[in-house]
Structure formats: C-alpha cells, structure tokens
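Asker: Sequence first, then the predicted structure:
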Amino acid sequence: MQMPLQITFSDMPRSEAIEADIRRHAAKLDEFSGRIMSCRVTVKAPGRHKLKGKHYAVHVDLKVKGGELASTRHHEHEDVHVAIRDAFDAVRRRLEDQVRRQRGQTKAHQPLVHGRVVGLLVEEGQGFIEDAEGNQYYFDRASLVQPNFEKLTVGAAVEFLADLGTQGRQAKRVSLAAEPAGEHSPEA
C-alpha cells in the first residue's frame, strides 16, 4: 500500500486484529485508485444507546487528488468488522463515482424537447406533439409522466425526451411544461 494510513481508536484500546482488517480494506481502495493521497480511519468504542444497544462506530476519510471523500456518516454495528466493511464500502462507492466523473464516464442527460400537443386519439390513448421546428412525435398513454391522459388537451405545452427509433419519432416521458409569462397558445 502506497498511501499513508492513520488509524485512530477512540474510547478503546488499540487492536491488532482491527488494524489488520482496516489495512486490508484500505489496500483494496489503493489498488482501485492510485489517486488516494491519505486515509484516516476512526474506530469508536461502543457507547450505550437506549434503543440500539452497544455499537462500534467507524468513519473513513480519504484525501484524493482534487478533494476529499468520506463515508457520509459513522457506520455503526455491534460487530466492529461489519462496521469497518460498511464504512469502506460507502467511501469506495464515492471514490468510484469520482473516478467515473474524472474519466468522463458519467451518463449525459438527454435535453428535453419542448412542444405542443397537436392531436389526441382519446379512444386509443395516443397522441401527437409538434416541436418548434414542426417535427411531429407520436406518444401513447404509457409515455405520460403527468398529467394523466384524460386531462391532456390539444394545444397544451409539453416537454419530453425525443426518441428517433426504428418506428419514427416518438416522445418519451411527456409532462406538462410551465409556460413562460406572456406566452400564449397559438390559435389553430
């Protein structure tokens, strides 16, 4: 392991078995990302809790290039090794998220398209939306997020995700759009 590791025991004596478990978990993090500059782990002895009984509390802080990551809370459990595992799992997930962001592997969200409902086939639970460029998109009852299909009207301003699939233009995740002040529905 290349990163400096600091282990602090609070309200309890030092334990070689606990230190070995912490070193094993820290080594796994270090293998995953060489960007870790230091790791601080605090293990607190069980305190008496009225409802939970005695629980060990473990907290992990990592200093990484570009910031600091920590287990978001003290992970508590009757078994100190379970508390250690949970705390390291939490900080590992945060480290994985940071590495994905730095590599540009986060999912880009598709922008919403704005349009107006131009036709409804109420009996079939289907309809059509037209965007600002005049493209028409098909949608059905299952594509609506809100409102329900029966409350939708022709001319209603909506926003949606455009899908240009093999069956033509389709609107997914359709919902009513808030109209900016001063804008009115075009008269048909």
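Answerer: The structure has been received and is ready for your questions.
Asker: Show me the beta-bridge partners of Arg40.
Answerer: The bridge-partner assignment for Arg40, based on DSSP bridges, gives Gln6, Asp61.
Asker: Of all the helices and strands in the chain, which has the lowest average confidence?
Answerer: The element with the least model confidence among the helices and strands of the chain, by mean pLDDT, DSSP states H and E, is strand 75-77, at a mean of 76.
Asker: Helices along this protein, start to end?
Answerer: Taking DSSP state H as the test, the helices found in the chain are 16-32, 80-103.
Asker: Could you single out the most deeply buried of the ones you listed?
Answerer: Ranked by mean neighbour count under mean count of other C-beta atoms under 10 Å, the helices of the chain are led by helix 80-103, which reaches a mean of 17. No exception for glycine: its C-beta is placed from N, CA and C like everyone else's.
Asker: tell me the centre residue of this protein?
Answerer: Nearest to the geometric centre of the chain sits Asp97, at 9.2 Å (C-alpha atoms, centre = their mean).
Asker: if we can go back for a sec, got TSV for the helices of the chain, with mean pLDDT and distance to Val122 too?
Answerer: What follows is the helices of the chain, written out as TSV (pLDDT from 0 to 100; distance: least, C-beta to C-beta, whole Å):
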stretch	mean pLDDT	distance to Val122
helix 16-32	90	55
helix 80-103	85	45
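Asker: Make CSV from those and add distance to Gly125 to it.
Answerer: Putting the helices of the chain into CSV (distance: least, C-beta to C-beta, whole Å) gives the following:
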stretch, distance to Gly125
helix 16-32, 48
helix 80-103, 39
